[in-house]
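J.: Here you go, sequence then predicted model.
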Amino acid sequence: MRGASEKGFTLVEILVAISIFLIVMTISLGAVVSILDAGRKSKTLKAVVTNLNFSLEVMSREVKFGKNYHCGSGGTLTTPTPCPSGDTFISFESSEGEQIVYKLNNARIQKSIDAGSTYQDITAPDVVIQDLKFYVLGANIGDGFQPRVLISVRGYSGPKPSSQSSFVIQSTVSQRVLDLATGSPPPPSSFTLSVSKSGTGTGTVTSNPSGIICGSDCSESYTDGTVVALTASPSGGSTFAGWSGDADCSDGSVTMSADRSCTATFDPTSPGYQYVRWEITKKRSSADDSCSLGTGSCIQVAEFVLLSNGSPVSWPAGTSATNPGGSSPGTEGATQVIDGSVSTKWLDFNFASGNNQIGSSILILNTGSGNSLTFNGYRWATANDFTVRDPISWTVSGSNDGVAWTVLDTRADETITTSRQTYTSNYNF
């Protein structure tokens, strides 16, 4: 103990005083941090409110003075379409006659003044829109209800979770132009589907839903949004080659959202041939092809395949392959091109003299008496080595007596893959 005359503080008193001071400072600093955080949130919220107020004010004003509200991105934008369940997309005609579109995209509200061709963000980058819904009621003309739109926006603002501010905003706008129409709404828009035929073959095109029998009736009107399935039926001696015209015609299924024009191509079926001749007239280059036997320049092919509408045609049993005037090693003769394996090959040493790039090697395939192959394309496979030996120019012909030949296809300076034991693309005629 200390006497009455002793002055100063004990160690315990000093420690207690310091502890109380630290507690007070900690509480004070926490209060300061909270105040700063609240200030940041207040600033962020102010930015949100300012940006959203402007965006929603512009949007609400344009909706109010607009007409023909179309909710959802489907169908024709100029057709009034309600959506009691809501959608993230709305389009309408403005008071200036522009086709306005508002939609939610990548957490931003976007606006278009050209019917959706181009868009511009109308909310700031630091404002994240999590949900935007337009509820359109009474949009149909003559339904007895004045059109109105409920706009609902939900999101947050702020780059950091600690300073983010969430918001939910709703606004209801009624169309200022009175909907005084009476009676039933106008019938839906209709568009015309026109069908034409091309090619030297013949055939008929029909539709489902019915209406087109082309032939005789090659155009029909269908209501907006109708999906029309076109069927092309070739006549005897013809084959259907495919659709062309508008982009939506490519698979024969056409969605009527505008006038459409489709073309069906019919080609004559290729006649059958007992003999097929492949005359190779040029190889890839005149570089050394390492062919020291024969006349000095050679070509080689692993497989030769006929195609009917892209599918391989099987060689009849007993089909022979010969190489008139050619010279081949014993295991690399002409028959190797129809053995079904790219691991074997036909090698002709007598393509040309020296290292000439121009020459002639002829492959004749005889399916046998009484046989006839119908085909409208072919492909062949490169051999195992020496890309310089690959053919790049040739003629394919057909015959039924091996004497009179009909030229079916001629190719010149084709670009051939350098990959070995690999099929070329299909050559159709």
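T.: The structure has been received and is ready for your questions.
J.: and A383, what does it touch?
T.: Q300, V301, A302, K345, L347, R389, D390, R420, Q421 (Cβ atoms under 8 Å, 6 or more residues apart in numbering). For every residue, glycine as well, the C-beta is placed using N, CA and C.
J.: hang on, the second one packs against R379?
T.: No: the pair formed by V301 and R379 falls short of the contact definition of Cβ atoms under 8 Å, at 11.0 Å.
J.: neighbour-wise, which of those two wins?
T.: V301 (25 against 17; other Cβ atoms under 10 Å).
J.: Please name the nearest non-neighbouring residue to G138.
T.: Distances taken as Cβ to Cβ, 6 or more residues apart in numbering put F145 closest to G138, at 3.1 Å, once the chain neighbours are dropped.
J.: Among the contacts of A383, which one sits closest to L373?
T.: Closest approach to L373 among these (Cβ to Cβ): V301, at 18.7 Å.
J.: could you measure the closest one against A381, distance?
T.: Applying Cβ to Cβ, to the nearest Å, the value for V301 to A381 is 7 Å.
J.: just T395 next, same as before
T.: Relative to A381, T395 is positioned 19 Å away (Cβ to Cβ).
J.: These two: which is more packed in?
T.: Taking other Cβ under 10 Å, T395 and A381 do not tie; A381 has more neighbours (21 against 17).
J.: Tell me who's in contact with that one.
T.: V301, A302, E303, V305, V342, Q421, T422, Y423, T424.
J.: Go through these and flag which are in strands.
T.: Per DSSP state E, strands hold the following members of the contacts of A381: V301, E303, V305.
J.: beta partners of the first one?
T.: Spelled out, it's V301. Assessed by DSSP bridges, V301 has beta-bridge partners W346.
J.: Go ahead and confirm S250 touches W243.
T.: Yes: at 5.7 Å, S250 and W243 qualify as touching, with contact defined as Cβ under 8 Å.
J.: Flag the shaky bits of the stretch 101-250 of the chain, pLDDT-wise.
T.: 158-163, 180-188 (pLDDT under 70).
J.: I'd like the distance between the residue nearest to G138 and G74.
T.: Going from F145 to G74 by Cβ to Cβ gives 22 Å.
J.: the strands in the stretch 51-200 of the chain, which residues?
T.: For the stretch 51-200 of the chain, strands defined by DSSP state E, counting those that start in this stretch occupy the ranges 67-71, 83-87, 89-93, 99-105, 108-112, 120-121, 127-137, 148-157, 165-174, 190-198.
J.: highest average neighbour count across those strands?
T.: Sort the strands of the stretch 51-200 of the chain by mean neighbour count, taking mean count of other Cβ atoms under 10 Å, and strand 89-93 sits at the top with a mean of 24.
J.: In this structure, which residue is most central in space?
T.: Nearest residue to the geometric centre of the chain (Cα atoms, centre = their mean): A247, 11.5 Å.
J.: Find the nearest non-adjacent residue to D289, please.
T.: Among residues not flanking D289 along the chain, V388 sits closest, at 4.7 Å (Cβ to Cβ, 6+ apart).
J.: how about M25, secondary structure?
T.: For M25, the assignment made with DSSP: H, G, I helix; E, B strand; the rest coil gives helix.
J.: one step back: ok, the residue nearest to G138 - how many residues close by?
T.: Residues near F145, counting by other Cβ under 10 Å, number 12.
J.: any idea how far D179 is from it?
T.: Noted for F145: a distance of 7 Å to D179, by Cβ to Cβ.
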